[in-house]
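**Student:** compute the structure for the input listed below.
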Amino acid sequence: MMTTPSPPRASSARPSAIGRSVVAALALLVSAAGVEADESPASGPLRVAVYDVPPYGSVEADGSIDGVSVDLWRRAAEVIGRDYRLVPVGQMEAILEGLERRDYDAAIGAITITPARLARVDFSYPAHRSGVAVAVRKDSGPLAAFLNYGAVVGELSPLIALTFALLVAMGVAMWIAERPTRSLNHDSAVASLRDGVYWAVVTMTTVGYGDKTPKTTGGRMIAILWMLVSVALISILSTSIISKMTADRVASGLRLTEAELTGKRLAAVAHSSGAEYLDERHLHYAPFDDLPAALTALEQGHADAVVNSIGALQYLIAARFKGTIEAPQGALEPAYMAIALPPGSALKKPLDRALIEITGSEEWRRIEDSYFGR
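**Tutor:** Numbers count the residues shown, from 1 in each chain. As a prediction, this is how the structure comes out:
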């Protein structure tokens, strides 16, 4: 009896195909979970480096960490709902290396956005306006005042020359006008050219001794004219000297051009925005570990100028060097400060949204101004 062979069952192949599909799906899920884990920050407290430069961030006497950047970070962390731990760091290079190694999740403080730093780390939405500025030593003492006065007089030499020319011209005119009185032998008469110039000087300076006076009508008309002209000349000359000296003093704290920096003994904090500015322009400078050390060298005459971010310069000079160093009022180059982040950090988007919201408020502008005494 012959038996008909049964056809092969397809059910044995079906579980194998289903199994492969399940494995592929699981692999996709694991891969997606890995990508999501890479794109989202860790659930633990964020490690936040604080660049120790007041008033942006510094360690207080009681051990607390405070500053305008720290204040801003606290508000931003509250918005994004993350815990954090602040770590003070004194060197900019240590902060950048820490971000590259992902030892820190963020870095705050006086961290200016520069091309060199942007090639190494990411930055958030700009948090503070800043810029590279120059601080110079104040000129003080009698010698400095005398030299400053001499420089101003030299600049106003055309006006001074005009005054002397008019003075001599009036002296000659008075001498010519008073020629008829020579025969009268009056002691007070303008009898010579020397007497005429002497009379013009006495009249111009409003001393008015009265020992030499005009006797003729023409001489008296010249005297009236010279009195009016000399009052105007002295007023113009004195106000020009005072205003020029004041303007020069103010301008010394405003800004120096790049050309004026050439040939000066410059100082900057190593790896700071000021140091990067000088490096880009191939200007030689002495590097210092921190800004107080650089400003101390300037105060003691070991440097001619310190290049650094304007906010840090203004704050530290007002706090410790007000009597000896001019605080800058303008920047060589405008810039912005921001929160530095590791490359590709998932914190960037939520931080940007939080910073835009916070820094755009009137309340934050008042808080920021309070740190800088504005």
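**Student:** now do the helices in the stretch 151-300 of the chain.
**Tutor:** Secondary structure of the stretch 151-300 of the chain, counting by DSSP state H, counting those that start in this stretch: helices at 157-177, 193-204, 217-252, 258-261, 273-280, 291-299.
**Student:** what's the closest of those helices to D352?
**Tutor:** helix 273-280 (21.5 Å; Cβ to Cβ). To be clear about C-beta, it is placed using only N, CA and C from the backbone, and glycine gets the same treatment.
**Student:** list the buried ones in that closest one?
**Tutor:** For helix 273-280, burial by neighbour count (16 or more other Cβ atoms under 10 Å) applies to 273-278.
**Student:** could I get these in TSV, plus columns for pLDDT and distance to I325?
**Tutor:** Formatted as TSV, those follow (pLDDT from 0 to 100; distance: Cβ to Cβ, whole Å):
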residue	pLDDT	distance to I325
S273	91	19
G274	93	15
A275	94	19
E276	93	22
Y277	93	19
L278	94	19
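**Student:** verify the contact between S272 and A294 for me.
**Tutor:** No: counting by Cβ atoms under 8 Å, S272 stays clear of A294, with 9.1 Å between them.
**Student:** overlap in contacts of those two?
**Tutor:** Common neighbours of S272 and A294, using Cβ atoms under 8 Å, 6 or more residues apart in numbering, are N308.
**Student:** rewinding a little: between the buried residues of helix 273-280, which is nearest M337?
**Tutor:** Checking those against M337 with Cβ to Cβ, the nearest one is S273 at 8.7 Å.
**Student:** OK, contacts around the closest one?
**Tutor:** S273 neighbours (Cβ under 8 Å, 6+ apart): 112, 114, 130, 132, 308-309, 335.
**Student:** and the residues you listed, which two are the farthest apart?
**Tutor:** T114 and N308 (13.1 Å).
**Student:** who has more neighbours, these two?
**Tutor:** N308 (28 against 16; other Cβ atoms under 10 Å).
**Student:** disregarding residues adjacent in the polypeptide, which is nearest to the more buried one?
**Tutor:** Here the nearest residue to N308 in space, its sequence neighbours aside, is G274; by Cβ to Cβ, 6 or more residues apart in numbering that works out to 4.2 Å.
**Student:** likewise P334?
**Tutor:** Setting aside the residues directly before and after it, P334 is nearest to G131 in space (Cβ to Cβ, 6+ apart), at 4.4 Å.
**Student:** and for Q91?
**Tutor:** Distance criterion Cβ to Cβ, 6+ apart; nearest residue to Q91, sequence neighbours excluded, is H271 at 7.0 Å.
**Student:** list the contacts of the one you found.
**Tutor:** Neighbour list for H271: 91-93, 96 [criterion: Cβ under 8 Å, 6+ apart].
**Student:** low-confidence ranges in the stretch 201-350 of the chain?
**Tutor:** 245-258 (pLDDT under 70).
**Student:** at 80 instead, please
**Tutor:** 206, 208-210, 241-260, 329 (pLDDT under 80).
**Student:** cool, and the stretch 51-200 of the chain?
**Tutor:** 139-155, 180-189.
**Student:** where do the strands of it begin and end?
**Tutor:** 58-59, 65-66, 84-89, 106-108, 122-123, 128-137 (DSSP state E, counting those that start in this stretch).
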